[in-house]
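Student: 3D, please:
(one chain, ligands or ions: 2)
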Amino acid sequence: MKVLVLGGGGREHAIIKSLKKNNKIKDIYAAPGNGGINRDAQCIPIKAIDITGVIKFTEENKIDYVVVAPDDPLAIGMVDALEERGIRCFGPKKAAARIESSKIFSKNLMKKYNIPTACYETFSDYEKAKSYLESDSVKFPIVIKADGLALGKGVIIAENFEQAKEAIGSMMKEKKFGDSGANIVIEEFLTGPEVTVLSFTDGNVIVPMISSMDHKRIFDGNKGLNTGGMGVIAPNPYYNEEIADVCQKTIFQPTIAAMREEGCPFKGCLYFGLILTENGPKVIEYNSRFGDPETQAVLPLLETDLLTIMESVTDEKLENIDIQWKKSFSACIVMASGGYPESYKTGLQLTGLNDQGNCTNKDVTIYHAGTEYKNEMFYTSGGRVLGITAIAENKEKTLEIAYKTAKTIDFEGVHYRKDIGKY
Ligand code: AMP
Ligand code: GLY
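Tutor: Ligands and ions are numbered 1, 2, ... in the order given. Okay, the predicted model is just below:
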């Protein structure tokens, strides 16, 4: 079997390593992949959003199955285009991917189907948004979100009116996020531990994966700017069976039922970003795909074959699969380039990796997020560079192994958080 994975970050590396455990797969390709993925798959220089290029490659090379991992190809209808050509794939169609690509769509869905989330208002007019912020009904801090995709930067927590006004001005007037910020959501600020739950769903059945905890801020102590994610532990220590039951009944099942009802059943990996508030779990975001870096901590705990699960999602037969997880603990430390998530250097040489881009400790896997391989050396090519994932029997041991490995890897200006999992 020939499989193509679209994307080129740590998430895609984790998906590829997991898929490769199935020996039905004879050839695995990544578009565009990266320097480390190149060790596990054949990387082809086609962008993940290049629908024409992807279809051409898929047909010419007789690819049997395509995994569409990132949000942007999903949002522009990559799955629809592939399916129209009879190519089997994993991921939601464009209409279902709106659950991530439009925050207004997802907020309205939750309101209509009584799925617990933060109270909110939506705006397409700057003056109306400003008047709302001046009204007595608004309490600070308040959360301002661009409607569309904004590389994880479209959420601003404003402490006071001035900050909120600046946020809506940058989104709606200065067009900081282009069309993504033309419409906005202003919502209530929720407090409580954050949990990520990735799930497999074929549109009818939904099976949550092991829970996880991302660390979104760049610096220790949850300080500094929001990033794509600086580290993960799994399972999430705050997410117990009782909460999982509540989420299944009030959030997970109702969400896939709502998507069916709206005529856009969701098939693929549905990501639930939750806050466990005093009044129960609430959704702060949906993503239409595997999370990154969460996938780098969650998939290594999967016992059941990933390809079998993905194909059962495509064939709408997920109910036939019994998904099993290792009873271990996993942690992923993201090594980033100095300056990220703002400007950073690239082309910096990495030391401490073997020729395969890995290390020798069998309890550790190094996922490449932003590297390039040339002249038999690895160089940085992105803001998030590596994800160091360790697995062990408990949290302390896992973190100890992951941090010990991180210390052996270096590049100029490397930055990683030293407090992952220290909640
Ligand atoms: P998002 O891109 O929607 O995941 O938001 C980024 C981060 O902003 C989340 O991980 C939360 O830490 C925070 N956030 C988003 N919405 C809210 C909210 N309503 N209340 C509190 N924090 C929020
Ligand atoms: N780690 C957050 C995300 O994948 O959106």
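Student: and the residue of the stretch 1-150 of the chain nearest ligand 2?
Tutor: R11 (7.5 Å; Cβ to the nearest ligand atom). Backbone N, C-alpha and C define where each C-beta goes, glycine included.
Student: that residue: helix or strand, and which one exactly?
Tutor: helix 10-19 (DSSP states H and E).
Student: I'd like the distance between the closest residue in space to the residue of the stretch 1-150 of the chain closest to ligand 2 that isn't next to it in sequence and K107.
Tutor: Leaving aside its sequence neighbours, R11 sits nearest to D292 (Cβ to Cβ, 6 or more residues apart in numbering; 3.7 Å). Per Cβ to Cβ, to the nearest Å, D292 is found 23 Å from K107.
Student: go on, N204?
Tutor: Taken as Cβ to Cβ, the span from N204 to K107 is 24 Å.
Student: more neighbours: which of those two?
Tutor: K107 (23 against 14; other Cβ atoms under 10 Å).
Student: so the more buried one lies in a helix, does it not?
Tutor: Yes. Under DSSP: H, G, I helix; E, B strand; the rest coil, K107 sits within a helix.
Student: quick one, strands of the stretch 101-250 of the chain?
Tutor: In the stretch 101-250 of the chain, strands defined by DSSP state E, counting those that start in this stretch lie at 120-123, 142-146, 155-158, 184-188, 194-201, 206-208, 213-214, 217-219, 223-226, 231-234, listed in chain order.
Student: between these, which one is closest to ligand 2.
Tutor: Across the strands of the stretch 101-250 of the chain, closest to ligand 2 is strand 213-214 (Cβ to the nearest ligand atom), at 4.7 Å.
Student: do that closest one and ligand 2 come into contact?
Tutor: Yes. Using Cβ under 6 Å from any ligand atom, strand 213-214 reaches ligand 2 at D214.
Student: contacts for that strand?
Tutor: Strand 213-214 has contacts (Cβ atoms under 8 Å, 6 or more residues apart in numbering) with 193-196, 229, 231-234, 236-238, 291, 293-294, 421, 423.
Student: what about that strand, near ligand 1?
Tutor: No. On the criterion Cβ under 6 Å from any ligand atom, strand 213-214 is out of touch with ligand 1, staying 7.1 Å away.
Student: what residues does the stretch 51-200 of the chain have near ligand 1?
Tutor: Within the stretch 51-200 of the chain, the positions near ligand 1 by Cβ under 6 Å from any ligand atom are 118, 143, 152, 155, 187-190, 194.
Student: list buried residues within the residues you listed.
Tutor: 118, 143, 152, 155, 187, 190, 194 (16 or more other Cβ atoms under 10 Å).
Student: from V185, how far off is the second one?
Tutor: With the distance defined as Cβ to Cβ, V143 ends up 8 Å from V185.
Student: ok, the residue of the stretch 251-400 of the chain found nearest ligand 2 - contacts?
Tutor: Residue nearest to ligand 2 within the stretch 251-400 of the chain: G291 (3.4 Å; Cβ to the nearest ligand atom). With contact set as Cβ under 8 Å, 6+ apart, G291 has these partners: 11, 196, 198, 212, 214, 229, 271.
Student: do you know how far the third one is from ligand 1?
Tutor: With distances defined as Cβ to the nearest ligand atom, to the nearest Å, the gap from L198 to ligand 1 amounts to 14 Å.
Student: so that residue sits against V232, correct?
Tutor: No. Judged on Cβ atoms under 8 Å, L198 makes no contact with V232 at a distance of 10.9 Å.
Student: overlap in contacts, those two.
Tutor: By Cβ under 8 Å, 6+ apart, the residues touching both L198 and V232 are 212, 294, 298.
Student: any idea which of the residues you listed is closest to ligand 1?
Tutor: Looking across the shared contacts of L198 and V232 and measuring by Cβ to the nearest ligand atom, the closest to ligand 1 is E294, at 11.6 Å.
Student: out of the contacts of strand 213-214, which end up buried?
Tutor: Buried among the contacts of strand 213-214 (16+ other Cβ under 10 Å): 193-196, 229, 231-234, 236, 291, 293-294, 421.
Student: between those residues, which sits nearest ligand 1?
Tutor: E194 (5.7 Å).
Student: L348: what's it in contact with?
Tutor: 337, 379-380, 411-413.
Student: out of those residues, which are buried?
Tutor: Using 16+ other Cβ under 10 Å as the burial test, these include 337, 379-380, 411 as buried.
Student: centroid-nearest residue for the chain?
Tutor: Closest to where the C-alpha atoms of the chain average out (Cα atoms, centre = their mean) is G291, at 1.8 Å.
Student: buried residues, stretch 154-169. List them.
Tutor: Applying 16+ other Cβ under 10 Å to stretch 154-169 flags 154-156, 158, 164-165, 167-168 as buried.
Student: go on, stretch 398-412?
Tutor: Buried residues in stretch 398-412, counted by 16+ other Cβ under 10 Å: 398-399, 401-403, 405-406, 409, 411.
Student: again with stretch 315-333
Tutor: Using 16+ other Cβ under 10 Å as the test for burial, stretch 315-333 gives 318, 321, 323, 328-333.
Student: near ligand 2, which residues of the chain are found?
Tutor: 152, 214, 228-229, 287, 291-292, 294.
Student: give me that answer again for 5 Å
Tutor: By Cβ under 5 Å from any ligand atom, the residues of the chain that approach ligand 2 are 214, 229, 291-292.
Student: got CSV for the residues you listed, with distance to E83 and pLDDT too?
Tutor: Formatted as CSV, the residues of the chain next to ligand 2 follow (distance: Cβ to Cβ, whole Å; pLDDT from 0 to 100):
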residue, distance to E83, pLDDT
D214, 31, 97
G229, 30, 95
G291, 24, 98
D292, 24, 97
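Student: kind regards, and thank you for your time.
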